[in-house]
Each structure stands twice: as C-alpha cells, then as structure tokens.
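Visitor: Build me a structure from this.
(2 chains)
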Amino acid sequence: MQDHLQFQGWGRRQQKGLLKAWWQRLERAPETGTPVAYLFISGAVEELLRAFGYEIALPEVTALNCAIRQASIEYILRAEDIGYSQDVCGYVKNDIGLLLSGNRSPMGKLPPPSLLVCNYSGCTTYIKWFEALAEFYHAPLFILDVPYLRTTGVLASDIDYIVGQLHELIDLCERQTGRPFDEARLRTILAHARAAEDRWVQVLETARHTPAPFDAYFEAVYFMAPIYILRGLPETVEYYDGLLRELTERIEHGIGPVPEERFRVVIEGPPPWPALRDFWDMFKQWGAVCVASTYSKVGGLWDASGVRHDPERPLESIAEYAIHCYVNWGLHHRRQLLLEYYTQYRADAIVIHSVKSCRSFAAGEADFREMFVKEMGIPTLFIESDLVDPRYFQKAQMKNRIDAFFESLEHRQLVHG
Amino acid sequence: MCRPAVFGMNLALCILHIEPYGTSEAQAYEWYRHMITSTPFDDLIPLFRDLHFEAVREWKAAHPGRPIVGIFPVWAPAEIVHAAGALPICLFGAGDLLDIEYADARMQSFLCSISRSTLELGLRGKLDFLDGMIFTSLCDVARNLSGVWERNFPDQWVIYLHWPENVQSPHAMRYMRAELTRLQTGLEQLTGTPLSTEQLHRSIHLYNENRRLLRALYAFKQRHPHRLSTYELYILARAGSVLPVERHNAILQNALHTVESRTTRPKDRIRVLLDGSFCEQPPLEFIWAIEEAGCYILDDDFLLGNRYLLEDVPTDGDPLDAIARTYLRHATPSAIRYDGPQQRAATFLAKARQLRVDGVIFAYAKFCDPAQFDFIILKRHLEDAGIPYLILEFEEKMTVFEQIRSQVETFVESILFYA
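Guide: Residues are numbered from 1 along each chain as shown, chains lettered A, B, ... in the order given. So this is what the prediction gives:
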C-alpha cells in the first residue's frame, strides 16, 4: 500500500550517516592534527570554533549515546568508584568513567580535548564537569558565562558581557591554532546555521497537524542531532530539507508515529535514555503522540524566541542564541512556553518526566504540575526517573503510572467529549 | 609518606547517610542538647532556632513601613538592602524543626533539604513578614527555587541575580555593576525612595565592620583553637542572620573581649579544615560532635556569605563599583565560584598547609552538587599531598549524632596514633 512513498525512513538513516561521519572525523582528529574543542549543547558556540577549524565534541551527546547503547552504567559505576556521589549528574559520571576507561566508547574512540569551552548556559554542573575534565586532561578551560534569562526580556548588559567574552575566546583560539580570526568564514558558517534553524523550526511546526507526522519527543531526539552537533555545516541544511520532504509526505498520506493518534501530549524533561524504547512503547500503546517537547529545545529555542544566528551580526547573534536555550530560561518563561505549546499544538495533556540527574531541568518541575493541575485544570502526568542512570528506571512502576494516567484521560474524554 | 592518604581513602569510602527521623525530633534534640556543655553565647541560639522569627517580627513592629528582605544563601550584598532602610535576613531553611508537607508538591525529594524547608517555611506562612527575596546563581536548585518562589508568593518582590561566573574576564566588572544596579533599582522601587551614595557608604562601612569582626574571631580561633570552639563561633555568626548588623556587630565585639580573656588549656586534638557547608547548614549538634570527637576545626565554610568578601569594600568612590570589584578580586575561593585553572585546589591546599592541619573533613549536605563535585578534585590533591580526609554527609533533619562522633573519633585516632 505504501510503495508509492519515497522518503520514509530517510531522516533516521541520514542522521545515522551524518553522526557516523562526525565520529570518524573525531577519531581521526589526532592523526590529522585537527584541534578538538569540547562544548556543551546548551548555548554551544560551535560556529565560532568551526571558523578556527576545530572539530567539535559534545560530552553530553557521548553520554546519551552510551546510555542508549546500555553502556552508561559501567562508566557511572567507574566514576562512583573514585568518589563521585550517587546523587550527582549521571552525564558527568558517564563521561569521567569513560575517560578512566581509556575513552573507547561504543561509538568510537573519543580524542582528548585541545580546548574545553564551557558555554555555561543554564546548567551550573557544566562548570563542575569541565573543571574536572580540565583537571584530568590538563586541557585549557574557557568559561563562557551566559547569564540566565531572569527578566522579561534580554538585558543589554548580558549581551555586552557575552560578546566581550567571545572576543576573549577569539583571542584564545587565535593563540591556540595560530590562525587569525576569519570573519568571512564565520559569516558563511552562520548563514548555514541560520538556514538549518529556519528549516528545523518548520520541522517542529509540522506537528501542529492532526495527526502529527512525527513524535516531537521520541523522534525529535533523533532529528535534532544535526542541528545541535553539526550546526553551521552545509550538509545540515540539506538534512533538514530532506527531513521536511519526509514529513510533508507523511502529512500528505496521513501517516503519524502511531497507527491512530488518540492523545496529543506536550512533554517536559529529558528522556530516560537507557529505556527510551520501552518508554516510547508505553505512550504508543495508548496512541499518545508528543506534539511539542521542551527537551528538543535544550540547545536552542529558535521556535519560541525567534532568534537566529545572523551573518550580519555575528557575535551579537551568537550571544542572543546562547541565552535562548531552554534550561537557561527562567521558570516563568518555561511555564509560559509549556502553556503555549499546550494551546498552539492542541494537546490533551502535559507529561513531565523529571530526572534526578539534571537539577537544572528538574528543580521546580513539581511546581509546574501544581500550577497546571490546580490553577489551569490541565491533565498533567508527573513521573520520575533518570536520563542516563538505568538504576532509576522502574519499568513496571512507570508503566502503571502511564496507564493509569491515560485511562483517566480516556475516561475524561468520554465524559466531557 | 602516603599512609595517611591511604587511610583517608578507606575511611572516605564509608560515607555516612543517616535517615532523618520522621517524628520526635524535638525529644531527640532535647536529649542531645542536654549533653552539650553550655557556652556564654547560648542565649543567641533561640534567635535562629525560632520558626516564628520573633527577632525579625520585633524589628518590623519597631520600624513600621520598612521592608524585610530575605536572602537565600550563599552571598548577596546585604549592605545594599540595609542602605535602602530594609532589614536583610539570611534564610537557612528550617533545620530539624519542621516536617515537609507542602514543599514536597513543588520541590522534589531528590533536591537538597534547604531548598525544600525554606520553601516550606514560606508555604506555612512562617515568613509572612517578608517583603522581598533575593536569590543568586550558586547552583541550579537555588536558581530554580527563585522561579518557584515567584509563583508561590506573588505579593513579594523576588529578584534573581546572576553573578559573573567568568570572574577573570575584563568584561565581568561592567556586567556585575549592571547586576548590582538592578538590585538597587528593585530595592528603590520596593521602598519608594532613591538610594544615596552616602547611605550606601554608611552601610558598606557597617558590613565591613561585621566581616572584620568575624575575621578577627576566626583569626583568634586559629591562633588559640582551644579558647574558642567552632560551635561557639557558629552560634555567634549565625545570630547575625536575623539581627540588624549594628546589633550583630556589638555582639561580635563583646564576644571577642570574652574569648580573649579566656585561659582554657589546649587538649590533645587534631587540627582540621572543614569544607562543604557553605549553603545548607548542618545541625548545631553535628558541629559539636566533630569537636568533641577530638578535632579543632581551624577553618570552615559555614555561613560563608558572612565572610565571602575577604577584604573591606572601599568606602570612597562609587559604591556599586567597589562591591563589584571586591567580589571579583577578593572573594573566598569556594565551590560556588570558578577562580581560574586549578585555583580551587591550589588555594585549598595552601590554606591546609598554612593552618598546619592534620586532616580535612568534607561535611556536605545530601544532594549538594557543588560541594560533591568539588570534593572529587580536592581529594585528589589531598591524596597527592598526603593529607587524610573524612567525608560526612548530613541532612538538616538528622537527629542522631553518635555515628558522626564515632566516625570522627576513628579518623582522629588514625591520625593521632597511626599517621
């Protein structure tokens, strides 16, 4: 029946290929003499580093990939052996455990950093994480302090401060690479970034359709990889063109991630990577599709903030971008965003997956539920586990909670129509 | 040479985790208090072990129309709040005095006690005298608590200040000044009165005096560890959390006279440096237990905000510039700031050596990320330097201290007899 479909599965396949090529570049970096910069997803200034020829490594991506491949627990335990507390961020422990194991990850051998750029946007643990890496690798560490979005709008003093630090980072990169700063090259990279961002927003907004052509949480976590890991490269723009073709085709044929879309949900919080498949199945069984998620915005809120990297305002636009990453938004903004998604994407409920590892995401999420349920009457499911540590994912218990929630949602729909 | 470090490692692996009692804290507390020797400063304890905040309410009654502004740890420039005619008070949760009933629905159980119990105090109406709250960028939990606070207490003025994390940047100064201006403007709106440079200078002077007195007490303690206990020092410092600075200065001044005239004889105790309690505070009994088990705590980071600035803030020139510069150049190296490559470990080791400590005690709150992360880096350097250490994890509501005491006793014996 579906043999006339041309593009289905392209987005996932192509993403795999792009990431594989990226890992190969990383693995070869020591022999090719390519400098490697370690960065974080939230507020990553990768365009600037690419302009100096750095290859980018993202320890968060390494950690989540280890978790998906069921390797994280081994590394976490290794880190706990040297004294890391059971209560601190599992991503950090995964990374340190991997380092202590010789950096041979299931994805490939991770090269050591030439430079650690702690783009501190929304997560204090970022600093502690790279302080530890600087200690273990003896690598230079640059802290790029990105102030929190704590007022209604972005403050001019925040932009000045970030731009000032970007100039300092440029000086450091010039010294380390021996290459002068090439602004024209940065502009080209930023133009690619912007083009990819425009397309990524279009991808996200396809989920406004009923049925939604893709799951904006469980599939978005695959589709978002190029915008976060390979932003600024021309192949990333092409990737989103291709993905849009796939999603347009799905819309034309009424295809969605489940055979019959019964519930549309907004999801807050990172996924439980070690149990991603099981977790998704728990939603699929109910015909529940995520139409908008906040996790897919950790590395940039291009949809909600409207910001884009801009070749005409290189450093200013990088600074604005770095502020507008999801966990760098004050809770007031985060609450409003969830409510906007709930309305704009015509959702039936909000699901909050609160993870122990990430206080930045989690602290206060319970208060979101309090507000959504008690003040707005929005059906809200609140569940807890972890994003990387499989010890916190209790499958049966999780399934019970999710089943009970959708049963009551079903009942509510029957009663209220 | 490496023997103490090895021993430290073994002990360090026995991390203590004590479940809080659900009930009868008051009884357990009373029983334990009974064992603690009285001090000349005991009258100050009820000031901060008081969920009704009588001292604060009295101030409010005596100063009608003047606001009270809470500061969540670790540091905010209380002098600016003071200059605005308001009373700055520091909130350190509810200790063992309150069960969490309402805060659970807002701040999850895997978050530190201080964030939950401070919120609980607010939700139970214990802080109904507050006109405003200041939160700062020490960790993600404190930061997010500001957003929770804002929603749950819409009548209060709530401000979140993001202190510069890149303190070495030449651009940090201007940024920090803008942040301090935001604080000043917020306070001016709260009081309806603009702040003058003279008012700011006067308040800075008083807080400089406060920090000087605390430094003097710590310096005295370091010279004569047997003549002033950390338990006493803590009581003296903590009283300032709910008192006007003028009154606190007088208390500290008197205390300095009192301890200087003491003739206590030294005991056979080890000299330790304590780290990790800069935000959430352990119970008083916890401090007492460590000392009683045979330690002189030469320095600590309890109530760090009081002593965060290491030098006087200049009282000439622009006051906000002066505060910003002091913050950037002369603040205590700690888990809540990054001072540059390897600085944290280097300054920590230098302090340990300068104080000639026999060991280090890491005393941190359960779920405290900054302290737990720093521990990893610091312990590596301690091991290299052959300085033994002990980890004591605490919670606000812990009420059993015998295990702490025996843990510390073992540590002390390992150093006194086997090192």
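Visitor: can you list the residues of the stretch 1-150 of chain A near chain B?
Guide: Within the stretch 1-150 of chain A, the positions near chain B by C-beta under 8 Å from any C-beta of the partner chain are A:82-85, A:87-89, A:92, A:120, A:123-125, A:127-129, A:131-132, A:134-135, A:140-141, A:143-145, A:147-148, A:150. Heads up, the C-betas are built off the backbone N, CA and C, glycines and all.
Visitor: Let's see that with 6 Å instead.
Guide: A:83, A:85, A:87-88, A:120, A:124, A:127-128, A:135, A:143, A:145, A:147-148, A:150 (C-beta under 6 Å from any C-beta of the partner chain).
Visitor: Tell me which two of the residues you listed sit farthest apart.
Guide: Spatially, the most separated pair among the residues of the stretch 1-150 of chain A next to chain B is A:G83 and A:R150, at 33.7 Å (C-beta to C-beta).
Visitor: What residues of stretch A:251-269 count as buried?
Guide: Of the residues in stretch A:251-269, A:255-258, A:261-269 count as buried by neighbour count, 16 or more other C-beta atoms under 10 Å in any protein chain shown.
Visitor: Just put those in TSV and tack on secondary structure, pLDDT and distance to chain B.
Guide: What follows is the buried residues of stretch A:251-269, written out as TSV (DSSP: H, G, I helix; E, B strand; the rest coil; pLDDT from 0 to 100; distance: C-beta to the nearest C-beta, whole Å):
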residue	secondary structure	pLDDT	distance to chain B
A:I255	coil	96	38
A:G256	coil	97	33
A:P257	coil	97	29
A:V258	coil	98	30
A:E261	coil	98	31
A:R262	coil	97	29
A:F263	strand	98	25
A:R264	strand	98	26
A:V265	strand	98	21
A:V266	strand	98	19
A:I267	strand	98	17
A:E268	strand	98	13
A:G269	coil	98	11
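Visitor: ok, the residues you listed vs B:G192, which is closest?
Guide: Nearest to B:G192 among the buried residues of stretch A:251-269, with distances taken as C-beta to C-beta, is A:E268, at 39.0 Å.
Visitor: Tell me how many other residues surround the residue of the stretch 1-150 of chain B found nearest chain A.
Guide: Here the residue of the stretch 1-150 of chain B nearest chain A is B:G147; by C-beta to the nearest C-beta that distance is 2.4 Å. Per other C-beta atoms under 10 Å in any protein chain shown, the neighbour tally for B:G147 reads 25.
Visitor: isn't it right next to A:L331, touching?
Guide: Yes - between B:G147 and A:L331 a contact is recorded at 2.4 Å, counting by C-beta atoms under 6 Å.
Visitor: which residues are common contacts for those two?
Guide: A:G364 (C-beta atoms under 6 Å, 6 or more residues apart in numbering or on different chains).
Visitor: coming back round to it: report the buried members of the residues of the stretch 1-150 of chain A next to chain B.
Guide: Neighbour-count burial (16+ other C-beta under 10 Å) is assigned, among the residues of the stretch 1-150 of chain A next to chain B, to A:83, A:85, A:87-88, A:120, A:124, A:127-128, A:135, A:143, A:145, A:147-148, A:150.
Visitor: Format the residues you listed as CSV; extra columns: secondary structure.
Guide: Output for those, formatted as CSV (DSSP: H, G, I helix; E, B strand; the rest coil):
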residue, secondary structure
A:G83, coil
A:S85, coil
A:D87, coil
A:V88, coil
A:Y120, strand
A:T124, coil
A:I127, helix
A:K128, helix
A:E135, helix
A:I143, strand
A:D145, strand
A:P147, coil
A:Y148, coil
A:R150, coil
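Visitor: what's next to stretch A:185-201, contact-wise?
Guide: A:47, A:50-51, A:227, A:231-232, A:234, A:236-237, A:240, A:302-303, A:308-309, A:311, A:314.
Visitor: Selection in ChimeraX covering whichever of the residues you listed are buried, please.
Guide: To isolate the buried members of the contacts of stretch A:185-201 in ChimeraX, using 16+ other C-beta under 10 Å:
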select /A:47,50,51,227,231,232,236,237,240,302,303,308,309,311,314
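Visitor: Looking at the contacts of stretch A:185-201, which is nearest chain B?
Guide: The closest of these to chain B turns out to be A:P314 (C-beta to the nearest C-beta; 17.2 Å).
Visitor: Excluding covalently adjacent residues, which one is nearest to that closest one?
Guide: Leaving aside its chain neighbours, A:P314 sits nearest to A:L186 (5.4 Å; criterion: C-beta to C-beta, 6 or more residues apart in numbering or on different chains).
Visitor: is it fair to say the one you found lies in a strand?
Guide: No - checked against three-state DSSP, A:L186 lies outside a strand; its state is helix.
Visitor: what distance separates the longest helix anywhere in chain B from the centre of its chain?
Guide: Secondary structure of chain B per DSSP state H: the longest helix is helix B:197-223. Computed by C-alpha atoms, centre = their mean, to the nearest Å, the separation of helix B:197-223 from the middle of its chain amounts to 16 Å.
Visitor: Stretch A:394-405: which residues count as buried?
Guide: Going by neighbour count (16+ other C-beta under 10 Å), the buried part of stretch A:394-405 is A:398, A:401-402, A:405.
Visitor: which residues of the stretch 151-300 of chain B fall in helices?
Guide: B:172-191, B:197-223, B:230-239, B:245-260, B:284-292 (DSSP state H, counting those that start in this stretch).
Visitor: so which of those helices gets nearest chain A?
Guide: helix B:172-191 (3.5 Å).
Visitor: That closest one vs helix B:197-223, what angle?
Guide: Angle of helix B:172-191 versus helix B:197-223, following axes from the mean of the first three to the mean of the last three C-alpha atoms, to 10 degrees, is 110 degrees.
Visitor: So helix B:172-191, near chain A or not?
Guide: Yes - contact of helix B:172-191 with chain A (C-beta under 6 Å from any C-beta) involves B:175, B:178.
Visitor: Distance from the chain centre to that helix, please.
Guide: For helix B:172-191 - counting by C-alpha atoms, centre = their mean - the centre lies 24 Å from the chain centre.
Visitor: Give me the phi and psi for the residue lying closest to A:F130 once chain neighbours are set aside.
Guide: Closest residue to A:F130 apart from its sequence neighbours, by C-beta to C-beta, 6+ apart: A:C118 at 4.2 Å. Backbone geometry at A:C118, expressed as degrees, to the nearest 10, gives phi -90, psi 90.
Visitor: cool, A:K109 as well?
Guide: Dihedral angles (degrees, to the nearest 10) for A:K109: phi -80, psi 130.
Visitor: Which helix or strand contains the residue nearest to it when sequence neighbours are not counted?
Guide: The shortest distance from A:K109 to any non-neighbouring residue, by C-beta to C-beta, 6+ apart, is to A:E27 (5.3 Å). Per DSSP states H and E: A:E27 is located in helix A:10-32.
Visitor: Give the other helices and strands that the next helix or strand after that helix contacts.
Guide: Counting by DSSP H and E, the element after helix A:10-32 in chain order, helix or strand, is strand A:36-38. Under the contact definition 3 or more C-beta pairs under 6 Å, 6 or more residues apart in numbering or on different chains; DSSP states H and E, strand A:36-38 sits against strand A:55-57, strand A:115-120.
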